[in-house]
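1. sequence and predicted model, in that order:
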Amino acid sequence: MNWPTQMQLSALSPLPTGYSYELLTESSISELTQAMTAWHQSFSVGAASAYLRESFYRENAYLGGSEQKNIVVILIRKDSDLAGMFSAECDPDTLSLYARLAVVSPEHRGAGIMVPTSKLLEPMAKSMGLEFVYAMATLKIPHVQMTFERLGYRLLGFVPGYDREEVSPGNIKRVCEAVYGKVLVPPDALLQPDAANLTPTAKALFDIVFPKGLGS
């Protein structure tokens, strides 16, 4: 897949004045893992813990050049200071883009970085010819949920036990997260499910999430 360049990222969803996007390179991996370790102690387990391992980036992330990888990591800087990061994963077979993780440094929270970073997902997907974008949102705080709802993403449901989190020292629990998604193709490109093929439980939930059918 063809990930956007740094210049294209700025055009797709501009950051506040003084901040800039930077695609991860080999030389920035150690800096990022050290920052991630310092920013969030809760990342010691679960999906986010991969971002604390340098081997994860070298094996799975796009680091520039001609080698194509399904995961991109985008750094956010203010001058030379690392202020945050955003990571997404492309599935070229389903033409979908998953927002894996977005983190802002404690020193830069409140600077207005998270909203344009969240906005980046949709135009980035469109620029790559993708047709569906989705994300998981924590239920610990409402801010991520509110951001996706304001951007027009639909709450598709909840995934109980989706991820693992250290809720207190040594106490690891499986946590529930909300699934938000947005279809990027017109309604006539969607196959509407036949109600005859849905169980009563499935139909009841479908009618709540899509009261006027897919694409409504």
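-> Alright, I've got the coordinates.
2. avg pLDDT for stretch 71-91?
-> The average pLDDT for stretch 71-91 rounds to 96.
3. report the distance from it to the chain centre.
-> Here the centre of stretch 71-91 is set off from its chain's centre by 11 Å, with CA atoms, centre = their mean, to the nearest Å.
4. please apply the same query to stretch 14-26.
-> 16 Å.
5. dump it to CSV, restricted to CA.
-> Extracted in CSV, the C-alpha atoms of stretch 14-26 (Å, rounded to 0.1, in the frame of the first residue of the first chain):
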residue,chain,number,x,y,z
PRO,A,14,-3.3,20.1,9.6
LEU,A,15,-2.0,20.2,13.2
PRO,A,16,-2.0,23.3,15.4
THR,A,17,0.7,26.0,14.7
GLY,A,18,4.1,24.8,15.6
TYR,A,19,3.4,21.1,15.4
SER,A,20,4.2,18.8,12.5
TYR,A,21,3.9,15.1,11.4
GLU,A,22,6.9,12.9,10.8
LEU,A,23,6.8,9.3,9.5
LEU,A,24,8.7,6.9,11.7
THR,A,25,12.2,5.9,10.6
GLU,A,26,14.7,3.5,11.9
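6. got the domain ranges for the protein?
-> Using automatic domain parsing, the domain parsing of the chain gives 6-184, 186-216.
7. same list (these) but as JSON lines, adding mean neighbour count.
-> Where you see a C-beta, it was placed from the backbone N, CA and C, and this is true even at glycine. Output for these, formatted as JSON lines (neighbours: other CB atoms under 10 Å):
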{"stretch": "domain 6-184", "mean neighbour count": "16"}
{"stretch": "domain 186-216", "mean neighbour count": "10"}
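8. would you map the helices across this structure?
-> Counting by DSSP state H, the chain has helices at residues 6-12, 29-39, 54-60, 114-119, 121-127, 143-150, 200-209.
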